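In: can't give you the sequence, but here's the structure:
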């Protein structure tokens, strides 16, 4: 499939950075910014996963419809 280990590491890295920024901003008393950072990180990863799932469905469709 099109998903390689680099994509998994990229998602994990983004998660770690978002968690770090959330903790820092939360300790500084900027809870709203911390929530926004978390939301933006979640949406970015959601779009990455959506593109991976789209590729998966295209490959499944090509297998069952015998298309190249």
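Out: Thanks, I have the structure now. A quick note: this is a predicted structure, and the numbers were derived from the prediction, not measured.

In: all contacts plus neighbour counts: C-alpha atoms, from now on.
Out: Fine.

In: quick one: list the elements packing against the helix or strand where residue 57 lies.
Out: Assigned by DSSP states H and E, residue 57 belongs to helix 31-64. For helix 31-64, the elements it packs on are helix 5-27, judged by 3 or more CA pairs under 8 Å, 6 or more residues apart in numbering; DSSP states H and E.

In: report the buried residues of the helix it packs on.
Out: By 16 or more other CA atoms under 10 Å, the buried positions in helix 5-27 come out as 11, 15, 18, 19, 21, 22, 25.

In: for the helix holding residue 57, what is the average pLDDT?
Out: Per-residue pLDDT values over helix 31-64 give a mean of 92.

In: distance from it to the middle of the chain?
Out: 5 Å (CA atoms, centre = their mean, to the nearest Å).

In: got the angle for that helix vs helix 5-27?
Out: Here helix 31-64 runs at an angle of 160 degrees relative to helix 5-27 (axes from the mean of the first three to the mean of the last three CA atoms, to 10 degrees).

In: buried ones in helix 31-64?
Out: Buried positions in helix 31-64, judged by neighbour count with 16+ other CA under 10 Å: 34, 37, 38, 41, 45, 52, 59.

In: my guess is residue 35 contacts residue 24, does it?
Out: No. Applying CA atoms under 8 Å, one finds residue 35 not in contact with residue 24, separated by 11.6 Å.

In: gap between residue 43 and residue 29?
Out: 23 Å (CA to CA, to the nearest Å).

In: what sits against the residue most central in space within the chain?
Out: Most central in the chain under CA atoms, centre = their mean is residue 45, positioned 1.7 Å from the mean C-alpha point. Residue 45 makes contact with 11, 14 under the criterion CA atoms under 8 Å, 6 or more residues apart in numbering.

In: now with 10 Å, please.
Out: Residue 45 is in contact with 10, 11, 12, 14, 15, 39, 51, counting by CA atoms under 10 Å, 6 or more residues apart in numbering.

In: from those, which two are the most distant?
Out: Spatially, the most separated pair among the contacts of residue 45 is 39 and 51, at 18.5 Å (CA to CA).

In: sec struct for residue 66, please.
Out: Of the three states, residue 66 takes coil according to DSSP: H, G, I helix; E, B strand; the rest coil.
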